[in-house]
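Enquirer: need a structure here:
(2 chains)
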Amino acid sequence: MYRRNDMTNKIILSPHVYRKVTHYPFASGDIPSEMWRFECKKPALDNYPLPLPMKKSDYTLRCDVGDVTWLAGKGGVTRCEPGAKYYFDRVMYFSADRDLLDNNVSAIYPDGTGLWVGTSNGVTHIELPVMTAEQVSEILLDETLKYVSRHGQISHKYLARPRDPGSILPYGSCDNDGGFTSQFCLGEIFKYDVLKREKGIDAPETKRTAEIVRRSLDVCLLLMYIHGRGDGFVSRSFSTSDEPIPDDGLFFRRHGNKAICLDTSESRERGIVGLEVDCSAPIPECLRYIYEDEGFTEDDLIFKCDTSSDEITLHLLNLLFAHRLFACDYPELDELIIQSAKNIVSHIIDNGYRLIDFTGEPTTWARWDEPYFQDSIGWVDAPLNSAEILFYLLMIMDITGEQGKWRETYNYLALERGYADMTTLHFDRLYQGSMFDNMDWPEEIMYGDHWLATASLFGLCYLEKDEQLLAKYRAAYKSWRSSMAREHDAALDFLYMIACPDESVETERIIEWFSRANISRLAAGVSLKGRHDIPVRVLRQGYEEISTLPPQDEKFISKYDRNPLEHKNVDSGGVMCIESCYVFTQSYWMGRYFGFIGEA
Amino acid sequence: MNSKILDSLSGKCLVICADMFSGEAVIRQAIYGQTRRILSTGTAFEIAAVSVGSEVCRKIPRIINEARIRKILLLCKESPESLGIPSGFFWWDYYDGSRALTYSVCENDFPADTDIEKLFSDKIASPEVIPAVSPDDLKRCSHKEDDERKKTTCSLLLAESALSFSGNTDAPEIIGSLWLEYWNSREKDDDAGVGRILGVIDGFNLSSAYTQPDFIIDRDNIRINAFKLCEDRSGDYIIRAEETEGRQTKCSIVLNKINAGFYADFMPREEISFRIDSEGYVREVGLGEI
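Expert: Presented below is the predicted three-dimensional model:
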């Protein structure tokens, strides 16, 4: 068990093997001809001491290389090393679609630490290069910057051809572009600080990271001005005129000093197609390069509205650390960060703790007001949203150094209106809500909320100095733990341990998280369904979960807003999609920054 | 009359007497009662009326949840406060995250004409804060009682395993059908023979280690509480395992004799039941699968 306050227990990540696979057609000259003549042993597994991913009788091929045994058959490939240093390395499972072209293995041929595998649809070369987690983070970062970034927004991209990053489609708006980009940026901010301390501000790596931070931070800031309202509103996402607009929300296109609502199902339903709104407030000059460098003008910009509290919360966490760790070296940027954050928080206060959309009505999911807390949906959200707005207020006091209306509002909400007490009621209300909906409580979880709660409650515990309030916020954080702990996610664990230093997590799960990661975020699936070693459970409404999390390289690839225990092989677009790197890079650099992890 | 089964066709609560020594007895009342209700009426009980005496089984929320019930009317022979719980509504929690919305009252004070469904639905719809009661708040059994329990149940667990593995296919049916006699025997407290078979899963109240030697378990804080054939005569097996040291833990459990090997994630003090089919595939199931 690892405790944050015992720094002698800093987790040292040793170089580790990671999976690299290359697929070949049968006719490829790169396939060693020996593999077709190689004679495998018969597996003898009657008293095998470890769980195996396939049914024992499905294994038909075996070869031994030193302490490692490779097993294969009609369900894929298994690598067994009972004496492995780590628990999670004793058995590794390689399956289609990510590791193999299909699972029907007819031939195997050992190749050093790797394996050639013949299946029905071709041949795969599995390699197991030894790398550090930092090297993995660089590989993933490069992939994201090369393939996933869309005008600097970091979410995911789709491919025209399976598994072929060269066929990446240039468009692809995501509902939470702003939030995901903030999380990506936050990881790079932590990285910047680590590199600055370890290698110096003028080191090439530090400078490159500064450029990455600057661009992604500028993109986040652009979303706060692109709508031209000048009132602290934040757009969800933006696109340019050369991109198709997805039919999943409200979009406006700029035209001079006006913006016009585009035709989508949502805008038709609301009767606001063609609605013209003022957008005359200028976009800060320092942000215009984001579209101008790509040859676009302001009239080419399309922005998305109906913004949720997700974006606001993740942006403000990002701006907090951008101010503390990055903008100290860029004073003009710091002014913009502070002003932008003040605009957002002022907007929320001035509008009765709501984010007001172009329609003049509150957006669907950005409400922190008491009437919302009393309706059927807001009642369950109230503990989270209470924490969010209290965090915004502490955050703004921290980065501005001001008190005034921020403090008055904070005290009013936290103490007079009971928001601080409300933060502690999350699990009670989640559970009560699940009873109302006749669900098991895990079915009621919105997994994206885990990061919103982490951002808000970590922020509150990090910034609040009053012991009584701090105790409430810690209790609130702990009320989320029974659902968050299910994820075994390193970043969630790190922030939780900082906020609640009396808590502990399993060290080996953190090592597993970094050591058994994928070196590409191509969202190819795995063969989770049908595994012999992972129990499945069915919840009240028929939702299927696995009862234990396999390592990341044996489960589907997704963002943070998915249930990692869901019983399915693939998420996102599978072999037609590349997800961004932030799930790994943010965790890694956060761990390095806070001193939880280090490299051997 | 022809089926010789007495079914309930009406009523709002599944009535459970928990004023007893055996967690298994409570389980059977909950599970069998709910099952018969569903079979006979097509609907499930939403509320359990649980009567308790001078102490309370801390696992009742877990057991009740497994019967797909999350509302408990707790009828206490004495005052609820004497059991360490408040009168009125509270969340009754168990270590593993199980939870039931509970209304506790001294049974003599509870008006017979109370609309129980309305009592609960009004509370669920109400925004009022409901206090929570942890298992540590409850009045606990004496050490002496615990020791007796351990001594008896360890040997009984072994007895059932032996029966299951002896190829005696009648064993599960015997265990199921003799429940009523067991209940009577407990009342009379003089029929050790029947109780010996039926008490096998008193392990729900166990706090001592019981390890089936054929199991390969790679974590010391995971204990096997029961290993048995399913009573539905499917040939499937049930394994119940529990985390004992209050730590979130991942472990592997292997039992080559039945071709099973799997991983499991335990929350602190969580007890999980696994059902294993003839090919060794595993499902996580509720305590209700017996």
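Enquirer: Go ahead and confirm A:R90 touches A:T69.
Expert: No: A:R90 is not in contact with A:T69 according to C-beta atoms under 8 Å; the separation is 10.9 Å. C-betas here are computed from N, CA, C, even on glycine.
Enquirer: which neighbours do those two share?
Expert: Residues touching both A:R90 and A:T69 (C-beta atoms under 8 Å, 6 or more residues apart in numbering or on different chains) are A:C80, A:E81.
Enquirer: for chain A, what's the longest helix?
Expert: As assigned by DSSP state H, the longest helix anywhere in chain A is helix A:376-400.
Enquirer: And that helix, what's buried?
Expert: Residues of helix A:376-400 classed as buried by neighbour count (16 or more other C-beta atoms under 10 Å in any protein chain shown): A:378-400.
Enquirer: Run the chain-centre distance for that helix.
Expert: Offset of helix A:376-400 from its chain centre (C-alpha atoms, centre = their mean, to the nearest Å): 21 Å.
Enquirer: Backbone dihedrals for B:L75, please?
Expert: Main-chain torsions, B:L75, degrees, to the nearest 10: phi -100, psi 110.
Enquirer: Quick one, grab the pLDDT at it.
Expert: B:L75 is assigned 93 on the pLDDT scale.
Enquirer: wait, what's in contact with the closest residue to it other than its chain neighbours?
Expert: Counting by C-beta to C-beta, 6 or more residues apart in numbering or on different chains, B:L75 lies nearest to B:E107, which is 3.8 Å off, once chain neighbours are set aside. Residues counted as contacts of B:E107 (C-beta under 8 Å, 6+ apart) are B:S51, B:L75, B:C76, B:K77.
Enquirer: Only C-alpha atoms, please: export stretch A:68-82 in CSV.
Expert: Output in CSV follows, covering the C-alpha atoms of stretch A:68-82 (Å, rounded to 0.1, in the frame of the first residue of the first chain):
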residue,chain,number,x,y,z
VAL,A,68,8.4,-17.7,-20.8
THR,A,69,5.8,-20.0,-22.2
TRP,A,70,3.7,-18.9,-25.3
LEU,A,71,0.4,-20.6,-25.6
ALA,A,72,-2.0,-20.2,-28.6
GLY,A,73,-5.0,-21.6,-30.2
LYS,A,74,-8.4,-20.6,-31.5
GLY,A,75,-8.8,-17.7,-29.0
GLY,A,76,-5.5,-15.8,-29.5
VAL,A,77,-2.1,-15.9,-27.9
THR,A,78,-1.1,-16.0,-24.2
ARG,A,79,2.3,-15.3,-22.8
CYS,A,80,3.0,-16.8,-19.4
GLU,A,81,5.8,-16.0,-17.1
PRO,A,82,4.9,-17.3,-13.6
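Enquirer: Please see if it touches chain B.
Expert: No: Stretch A:68-82 lies out of reach of chain B by C-beta under 8 Å from any C-beta of the partner chain, never closer than 10.8 Å.
Enquirer: Flag every residue of the stretch 1-150 of chain A that's near chain B.
Expert: A:M1, A:D46, A:N47, A:Y48, A:P49, A:L50, A:P51, A:L52, A:K55, A:K56, A:Y87.
Enquirer: Those residues into JSON lines, with extra columns for distance to B:D137, neighbour count and secondary structure?
Expert: Converted to JSON lines, the residues of the stretch 1-150 of chain A next to chain B look like this (distance: C-beta to C-beta, whole Å; neighbours: other C-beta atoms under 10 Å in any protein chain shown; DSSP: H, G, I helix; E, B strand; the rest coil):
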{"residue": "A:M1", "distance to B:D137": "26", "neighbour count": "11", "secondary structure": "coil"}
{"residue": "A:D46", "distance to B:D137": "49", "neighbour count": "8", "secondary structure": "coil"}
{"residue": "A:N47", "distance to B:D137": "46", "neighbour count": "9", "secondary structure": "coil"}
{"residue": "A:Y48", "distance to B:D137": "45", "neighbour count": "20", "secondary structure": "coil"}
{"residue": "A:P49", "distance to B:D137": "42", "neighbour count": "13", "secondary structure": "coil"}
{"residue": "A:L50", "distance to B:D137": "41", "neighbour count": "18", "secondary structure": "coil"}
{"residue": "A:P51", "distance to B:D137": "38", "neighbour count": "23", "secondary structure": "coil"}
{"residue": "A:L52", "distance to B:D137": "44", "neighbour count": "24", "secondary structure": "coil"}
{"residue": "A:K55", "distance to B:D137": "46", "neighbour count": "19", "secondary structure": "coil"}
{"residue": "A:K56", "distance to B:D137": "47", "neighbour count": "19", "secondary structure": "helix"}
{"residue": "A:Y87", "distance to B:D137": "36", "neighbour count": "16", "secondary structure": "helix"}
